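Asks: Mind looking at a prediction? Sequence and model below.
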Amino acid sequence: MTNQGWLGKSWRHFIVPFIGPILFKIDKMRRFAFSTISQIRIEYRASVLSEGNVDEIHAGDRLPWVRQEQGDNYTPLKSLQWQIHVYGTLDDKLLSAAEIYEIDVQVFTWNKAAEKAKLMQNAVYFIRPDGYIGFASKDQTTLAFETYCKAVFL
């Protein structure tokens, strides 16, 4: 778009003003443009900070947004701190492990919105300060979580 050559000028003067409005009448095109421009399709699955997955959601993926009765699951991300998210019931052993590393724990109500976002009930999602998942596990066993914390924080 910012290229000063013929390709950039073609985009700015022909494709965007004339073809763009036609394409944006198509729902799939609007969704594609939104996810591309907003950069929400970026993922860090191959990063050394990414470990584990829970079905379709992998460490390195952006945390899916979920509406809750009292707000949403993105509100706690404003702290820009590492935090654990559990949708359902929290195991006391995981809470104790989180306290050792001084990590905030957010427990959200399991609801249809969480299920629709492909989150798993009672799974552990360790969220990085940038809103991406660093560690994901189907169960709340602390061994894998503590191994991850030692590798990242020490």
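Replies: Done, it's in.
Asks: When you work out contacts or count neighbours from here on, use the C-alpha atoms and nothing else.
Replies: OK.
Asks: residues in contact with stretch 92-109?
Replies: 68, 73, 76, 81-90, 140-142, 146, 149 (Cα atoms under 8 Å, 6 or more residues apart in numbering).
Asks: How confident was the prediction at residue 40?
Replies: What the model reports as pLDDT for residue 40 is 68.
Asks: what helix or strand does residue 32 sit in?
Replies: Assigned by DSSP states H and E, residue 32 belongs to helix 27-37.
Asks: ok, and the helix or strand in the protein with the lowest average confidence?
Replies: Sorting the helices and strands of the chain by mean pLDDT, DSSP states H and E puts helix 27-37 at the bottom, at a mean of 81.
Asks: can you list the residues that contact that one?
Replies: 23-24, 41.
Asks: which residues does the nearest residue to residue 43 once chain neighbours are set aside contact?
Replies: By the measure of Cα to Cα, 6 or more residues apart in numbering, the closest residue to residue 43 outside its immediate chain neighbours is residue 61, 4.9 Å from it. Shown in contact with residue 61 (Cα under 8 Å, 6+ apart): 42-45, 132-133.
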